[in-house]
Each structure stands twice: as structure tokens, then as C-alpha cells.
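K.L.:
The following comprises the amino acid sequence and a computationally predicted model.
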Amino acid sequence: MKRFLVSLFSGLVLAVPLAAVVGHNPYFRDWMTTGHGWSAFDPLLDLFGVVGVEGEGNVVVNTLVCVSFILSFAVVWCGFGAVARMKQRETSR
């Protein structure tokens with residue numbers, strides 16, 4: 001339970017900076033301005049019934065934050081497990 005809570009909190013803390021880095025990435029910006037990015041987000045925009053530029057931007061930002069949280073949670077969870085496994089190996093020697 002402790003591992004999960006630490007990973008959850010760390011994932012939440014790291015999600016916003018990771019989303020900001022991805023959002024300011026020139027490749028992501030080019031992908032969105034060429035129209036291919038908006039085509040990729042079309043199913044989500046249709047799902048939420050978004051009309052207008054503000055709504056589209058909110059869907060993109062929220063998707064970036066959610067994906068960033070999932071990635072950061074996975075990295076922290078695996079890192080925490082690797083550290084615990086290394087400690088266990090050292091104590092068993």
C-alpha cells in the first residue's frame with residue numbers, strides 16, 4: 001500500500017511538468033499545426049461533443065495531463081520496485 005501511495009503522489013507531482021515539456025516540444029507543436037494532431041484527437045472531440053476552439057484546447061490539454069500521469073506513475077512504480085528489489089538482494093547476501 002505504501003508503494004502505491006508513494007507512486008501515486010509522485011506520479012501526480014510529475015504529471016504536470018511532463019505535460020508542459022511535451023506541450024512545448026517543437027515536434028508536438030508542428031504535429032498539431034499541420035492538422036495531423038487534430039485528426040488524431042477527432043475521436044475524443046466527437047466523444048465529448050466539443051464545439052469551438054476553447055473546448056478543443058481543453059480536450060488536448062486534459063489528454064496530455066492524463067497520459068503524462070499514466071507515464072509518470074508507471075516510471076515511478078517501476079523505479080520504486082527496482083530499488084526495493086536491489087535492497088532485497090543486498091540484504092540476502
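P.N.:
Cool, got the structure. Residues are numbered from 1 along each chain as shown.
K.L.:
other SSEs contacting the helix or strand where E90 lies?
P.N.:
Element membership of E90 [criterion: DSSP states H and E] is helix 53-92. Packing partners of helix 53-92 (3 or more C-beta pairs under 8 Å, 6 or more residues apart in numbering; DSSP states H and E): helix 2-23, helix 36-48. Placement of C-beta: from N, CA and C, glycine included.
K.L.:
List the contacts of the closest residue to G81 other than its chain neighbours.
P.N.:
Excluding the flanking residues, the one nearest G81 by C-beta to C-beta, 6 or more residues apart in numbering is R3, at 7.4 Å. By C-beta atoms under 8 Å, 6 or more residues apart in numbering, the residues touching R3 are 77, 80-81, 84.
K.L.:
for stretch 3-17, the distance to its chain's centre please.
P.N.:
Counting by C-alpha atoms, centre = their mean, to the nearest Å, stretch 3-17 is centred 11 Å from the centre of its parent chain.
K.L.:
Give the buried residues for that stretch.
P.N.:
Judged by neighbour count using 16 or more other C-beta atoms under 10 Å, the buried positions of stretch 3-17 are 7, 10-11, 14-15.
K.L.:
would you list those in JSON lines and tack on distance to L44 and pLDDT?
P.N.:
Output for the buried residues of stretch 3-17, formatted as JSON lines (distance: C-beta to C-beta, whole Å; pLDDT from 0 to 100):
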{"residue": "S7", "distance to L44": "26", "pLDDT": "86"}
{"residue": "S10", "distance to L44": "27", "pLDDT": "89"}
{"residue": "G11", "distance to L44": "22", "pLDDT": "89"}
{"residue": "L14", "distance to L44": "23", "pLDDT": "91"}
{"residue": "A15", "distance to L44": "18", "pLDDT": "91"}
